[in-house]
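Undergrad: Have a look at this prediction, sequence included:
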Amino acid sequence: MWRTAFTYRCEGEVDIPALNALALRSLTSLYEPSKNLFVRCASWSTNGLHRQQASPRRTAIALLGLQKLDEAGCSLPFDLMAIQEAVLADTSWVSSVADLGLLTWVTAAVFPDKLRKLFLQFDFDNAIGSYLDGRKACTRALAWFLAGLSHACLTERSNGPDLTDTTANAYHLLLENQGESGLFGHAAFPGLLGGLCSKRFGTFSDQIYAIYALAAFAKAFQVEEPLEPALRAANSIRMLQGERGEWWFLYNKRTSRVIKQYPVYCCHQDGTAPMGLLALEEATGRSFREAISRGLSWIAGENPLQNDLRSADRGLIWDSIQTRRWGGSCFDPVLRLLHVPREAETDQLRICYEARPDHYGWLLYALGKTGLPSSSP
């Protein structure tokens, strides 16, 4: 039974409204007002912040988060209507079933009155077979598509076609990627090149987006069946969470082992992990607060570098902690497959001084309902 009464407060060191405020400030640094879009990425150097081209895809994710702040009654420094129109004005960026799922998701959440037009524009019934990531049954793609369709179903004003069969197909394909351990592989039908690895190994993104999509599907169709595989996945990644709260990068679904620790992304720590686990907690009543709080504390300095990744002076939250050498990162999975323990030394790690709007979008989508502090940093 879906539980509707739900609030979240982090009991750890991280002040959630202040974190939201910093994410909002970060987005202002990545905004391209001439296009009403956010840039794909920005990197920091001694010469300042270097911004890449605008990205409708990453703007769509930022919109999801900004909408949560708007619903919480927060004043925003952006013209949301102009950003919405920019995302929908040219949908040529939709080149995969993952993109179509994301576009459906954000349309249902932000401008539901436009769903009917979207259903007429794209062939949803044949979408999975029309795009390469759909034919490969990539976990993240299926999860985004399932989440998008589920949110569309929850929108009473959609007046769209009956996509029950399409949604159920995405759900069953997604479950084919899940192992007995509860973990998901990267793709079910990846082809010859990298096929074994994609079936056996899955990233943290594969796990958390699948968890969220299953919870959304359960809510949309008022069924409990999807919650069992979602709980198995969530319990598996919680068991494998690092001692400092790290959500590690790559997992072996057959052995239920972490095979590649780094990079550890801040987006996972403060964005997608809270998003997926809080949605599942809302659906089941099972608490994941401790694991979420530990992940947030990692951002605040409880990491091997003992460095707070929230840069108040720059107004940004940095991207990740990564290994310095390509070789060490490359051989980590091999060593772990051979059951050779390998822990990264502190001097092998570095901070990636980059910023991405999708990071802040997921953060606000997960935590934005708590609003902003009375005095933003």
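TA: Cool, got the structure. Numbering: from 1, shown residues only.
Undergrad: quick one: low-confidence ranges for the stretch 101-250 of the chain?
TA: 156-159, 191-196 (pLDDT under 70).
Undergrad: Do a quick rundown of the helices in it.
TA: Counting by DSSP state H, counting those that start in this stretch, the segments of the stretch 101-250 of the chain that form helices are 115-121, 127-130, 132-135, 139-154, 164-175, 195-200, 204-221, 227-239.
Undergrad: Figure out which of those is closest to Trp248.
TA: Between Trp248 and the helices of the stretch 101-250 of the chain, the shortest separation by Cβ to Cβ is 6.5 Å, and it involves helix 204-221. For the C-beta atoms, the positions are set from N, CA and C on the backbone; glycine is no exception.
Undergrad: If you count contacts, what does that closest one end up packed against?
TA: Judged by 3 or more Cβ pairs under 8 Å, 6 or more residues apart in numbering; DSSP states H and E, helix 204-221 is in contact with helix 139-154, helix 164-175, helix 227-239, strand 250-252, helix 273-284.
Undergrad: I'd like to know which elements the last one is packed against.
TA: Applying 3+ Cβ pairs under 8 Å, 6+ apart, one finds that helix 273-284 contacts helix 204-221, helix 227-239, helix 289-299, helix 357-367.
Undergrad: Redo those helices as TSV? Include distance to Val14 and mean neighbour count.
TA: Rendered in TSV, the data for the helices and strands packed on helix 273-284 read as follows (distance: least, Cβ to Cβ, whole Å; neighbours: other Cβ atoms under 10 Å):
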stretch	distance to Val14	mean neighbour count
helix 204-221	19	26
helix 227-239	18	20
helix 289-299	4	21
helix 357-367	10	29
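Undergrad: mind giving me TSV with the ones you listed and columns for distance to Thr166?
TA: TSV is the format used below for those (distance: least, Cβ to Cβ, whole Å):
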stretch	distance to Thr166
helix 204-221	12
helix 227-239	19
helix 289-299	32
helix 357-367	24
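Undergrad: Out of those helices, the one nearest Leu30 is which?
TA: Smallest distance to Leu30 across the helices and strands packed on helix 273-284 (Cβ to Cβ): 4.9 Å, for helix 357-367.
Undergrad: Run through who's touching that closest one.
TA: For helix 357-367, contacts defined as Cβ atoms under 8 Å, 6 or more residues apart in numbering pick out 8, 16, 19-20, 23-24, 26-27, 30, 38-40, 55, 57-59, 61-69, 265-267, 270-272, 274-275, 278, 317, 319.
Undergrad: if we go to 7 Å?
TA: With contact meaning Cβ atoms under 7 Å, 6 or more residues apart in numbering, helix 357-367 is reached by 16, 19-20, 23, 26-27, 30, 38, 58-59, 61-62, 64-66, 68-69, 266-267, 270-272, 274-275, 278, 317.
Undergrad: Counting neighbours, which of those end up buried?
TA: Listed as buried from these are 16, 19-20, 23, 26-27, 30, 38, 58-59, 61-62, 64-66, 68-69, 266-267, 270-272, 274-275, 278, 317; burial here means 16 or more other Cβ atoms under 10 Å.
Undergrad: mind listing what Ile292 touches?
TA: Counted by Cβ under 7 Å, 6+ apart, Ile292 has contacts 273-274, 277.
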